[in-house]
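[1] A structural model of the following input is requested.
(chains A and B)
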Amino acid sequence: MTSALAPAPSKLAAERKKSAERGRRLGSRRGNVIAGIAAWAIGILFVFPVFFMVLTSLHSEPNASTNPPSFFAPLTLDGYREFFGASSGASPWPPLINSATASIISTILVILLAIPAAYALAVKPIKKWTDAMFFFLSTKMLPAVAGLLPLYIFAKYLGLLDNINYLLILYTAMNLPIAVWMMRSFLADIPVELFEAAAVDGAGLIRTLRSIIVPIISPGIAATALICFIFAWNELLLANTLTSVIAGTAPVFLTSFVTSQGLFLAKVCAAATVVSLPVIIAGFAAQDKLVQGLSLGAVK
Amino acid sequence: MATTTATPLDTEAEAKAAKKKEPKPSFNERWLDKKGWVRRFPLLPALVFTIILTQIPFVATLIISFMNWQANYPNEIAFGTLNNYITVFTDPALRSSVWFTIVLTVTVVIVSLALGLGISLLLNRSFFGRGIVRTFMITPFLIVPVAAALLWKHAIYNPVYGLLNGMLTLLGIEAQPDWITDFPRLAIEVQLIWYWTPFMTLILLAGLQSRPGDVLEAANVDGANSWQTFRFITMPHMRRYLELGGLLGSIYVIQTFDTVFVMTAGSLGTANLPFTVYETLYSAQDYGLASAQGVVVVIFSIAIATFLLRTVSTLFEES
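    Residues are numbered from 1 along each chain as shown, chains lettered A, B, ... in the order given. The predicted structure is shown next:
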């Protein structure tokens, strides 16, 4: 997008795809076959632990922990029943609900804060908008341990320890820079004429946001939301420090499986599968925009 | 580069062009522009929120790092000491954790970058089931890190029934190591490389696909062989993406906590700085020392971040 009159993003994307396609076709036919075989082998190697996790979760405990592994043992849902507390009675639902609460609400807050911010950085930019962008980026580079202690002490003295609301506010701050960067890159793709037309028609900020920006960038909003959701769902350090029994999240719950407890491999694999499932779904839903989100919008 | 990344320069030019094109801004709009506040206003909530929740805690960490503050000795809280920093750099256990943090970050980032480059070059060819293999490659990155660490600890590395030793049995090999105990650092590194290679692959694949097709075609017409094309066209183009992947990867890997916590709980020389900060805070309750450790992590991160910011801004400007 070098000028306001650049072609629509979709057209550009199509052209880019074509150009990449042309580049790919240049490889020799035989080279492609060899590359294909190598790629399949490596792909299978990387996905195998995940496949093994799901397979083991569907085996009975005695079949799950054999040496050599019993790949073809009969399938059962016992591991999942155990995980959901069939015999131990410890239900994973409260932590799963805590995780859902923290991830979903923080994601909504992030989007609500990021869209207006991105507007002020892309559409009607403030004077030093690049500085503001890099300020947001720099906070993402501040490791969580940089603020962990004061956040812990603060919570301790104000009675906010083990409170899911505190955690979800921290998750909002954690994901905000990613969202601002991503939303800005989506907003910058909207042709300027649209905003001009809206301004001529007398639309204010709220109106412009509602009837122009949000409809156009809704795929972008969805992708940003999914990526923020993944990061919040995955988080352990803050959750483990700031929550325990009541507000513990799913990753905190998983840490109870750190030490082995007799025959429990199928249960562990079932737990890992269940807890990962929302991330897998969100990740594949956001697949096309995943790179953009992970690189904070720098790569498209 | 035919990417759609808007550069700061471009957008500024755009904004100027837009201003010129506008025939006559209404009175209302000029007034708003002059104030600038209407422009700034939408940014404020996000900005204030971020400052309160990231900058203020960090300043507090910085202050506490110069304090003698142990939760178990509330009467001895005092400000103005460098002891915490002296401890960070002289205590052998802490020095080891500083060192392991560096080793871990460098190893994981370099190996997963190299693997990612190779795999993305393969994925950039056209072959049967390319989409499926791409999906396979993304999957490890979509496993919750704690779950992934548990999976590797119990289902793969376990000396009795783990997948690795199971495979050794199938191959008829009787020497079966206890992977985590015998090679604790390597076990953690391999698990993290498995987790981060997909990330590098995705970024580098996006880079490969943004290579200008006409230049590649021209090289082909001019009779460049595939090595020459790789060396003189692909690599220079990929440099930025390699830098970006490497630096972003470093920022994320230096913060690794989950894997260490789950796999070894910091034993066997595998405590890295984030884990050590957590332990000093949680178990030892030495707030001053934990803060000083946190500050050291931040200093490392800033060193990496400086380079990262430069790379991101060149990518930002290039198009």
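[2] any idea which helix or strand carries the nearest residue to residue B:266 once chain neighbours are set aside?
    Nearest non-adjacent residue to residue B:266, counting by CB to CB, 6 or more residues apart in numbering or on different chains: residue B:275, 4.9 Å away. Where C-beta positions appear, they are placed from N, C-alpha and C, glycine not excepted. Using DSSP states H and E, residue B:275 falls within helix B:273-282.
[3] and residue 5, what pLDDT?
    Defaulting to chain A. Note for residue A:5: predicted pLDDT of 40.
[4] meant chain B actually
    41.
[5] contacting residues around the residue nearest to residue B:266?
    Contact analysis of residue B:275 by CB atoms under 8 Å, 6 or more residues apart in numbering or on different chains lists B:97, B:257, B:260-261, B:266.
[6] so which of the residues you listed are in helices?
    Residues of these located in helices (DSSP state H): B:97, B:260-261.
[7] just the residues you listed that are near chain A?
    Residues of the ones in helices among the contacts of residue B:275 in contact with chain A (CB under 8 Å from any CB of the partner chain): residue B:261.
[8] I'd like the ones in helices among the contacts of residue B:275 as JSON lines, with distance to residue B:108 appended.
    Shown next, in JSON lines, are the ones in helices among the contacts of residue B:275 (distance: CB to CB, whole Å):
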{"residue": "B:97", "distance to residue B:108": "16"}
{"residue": "B:260", "distance to residue B:108": "12"}
{"residue": "B:261", "distance to residue B:108": "16"}
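[9] so how many other residues sit close to residue 277?
    If you meant another chain, say so; for now it's chain A. 13 (other CB atoms under 10 Å in any protein chain shown).
[10] oops, chain B please
    By other CB under 10 Å, 31 other residues sit near residue B:277.
[11] quick one: contacts for it?
    Applying CB under 8 Å, 6+ apart to residue B:277 gives the contacts A:145, A:148-149, B:290, B:293-294, B:297.
[12] residues of the helix holding residue B:275 that come out buried?
    Buried residues in helix B:273-282, counted by 16 or more other CB atoms under 10 Å in any protein chain shown: B:273-281.
[13] hang on, the earlier thing: which residue in the contacts of residue B:275 has the weakest pLDDT?
    Looking at the contacts of residue B:275 by pLDDT, the weakest one is residue B:266, with 82.
[14] so for residue B:207, what's the pLDDT?
    pLDDT for residue B:207: 87.
[15] in which helix or strand would I find the closest residue in space to it that isn't next to it in sequence?
    Closest residue to residue B:207 apart from its sequence neighbours, by CB to CB, 6+ apart: residue B:241 at 3.2 Å. Element membership for residue B:241, per DSSP H and E: helix B:235-253.
[16] what are the buried residues along that helix?
    B:237-238, B:240-253.
[17] kindly report the same for stretch A:257-273.
    Under the neighbour-count criterion of 16+ other CB under 10 Å, stretch A:257-273 has A:257-258, A:264-273 buried.
[18] export those residues to CSV and tack on pLDDT and secondary structure?
    Formatted as CSV, these follow (pLDDT from 0 to 100; DSSP: H, G, I helix; E, B strand; the rest coil):
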residue, pLDDT, secondary structure
A:257, 87, helix
A:258, 86, coil
A:264, 85, coil
A:265, 88, helix
A:266, 89, helix
A:267, 90, helix
A:268, 91, helix
A:269, 93, helix
A:270, 93, helix
A:271, 92, helix
A:272, 93, helix
A:273, 95, helix
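[19] number of nearby residues for the residue nearest to residue A:100 when sequence neighbours are not counted?
    Computed as CB to CB, 6+ apart, the closest residue to residue A:100 that is not its neighbour in sequence is residue A:278, at 7.8 Å. Per other CB under 10 Å, the neighbour tally for residue A:278 reads 20.
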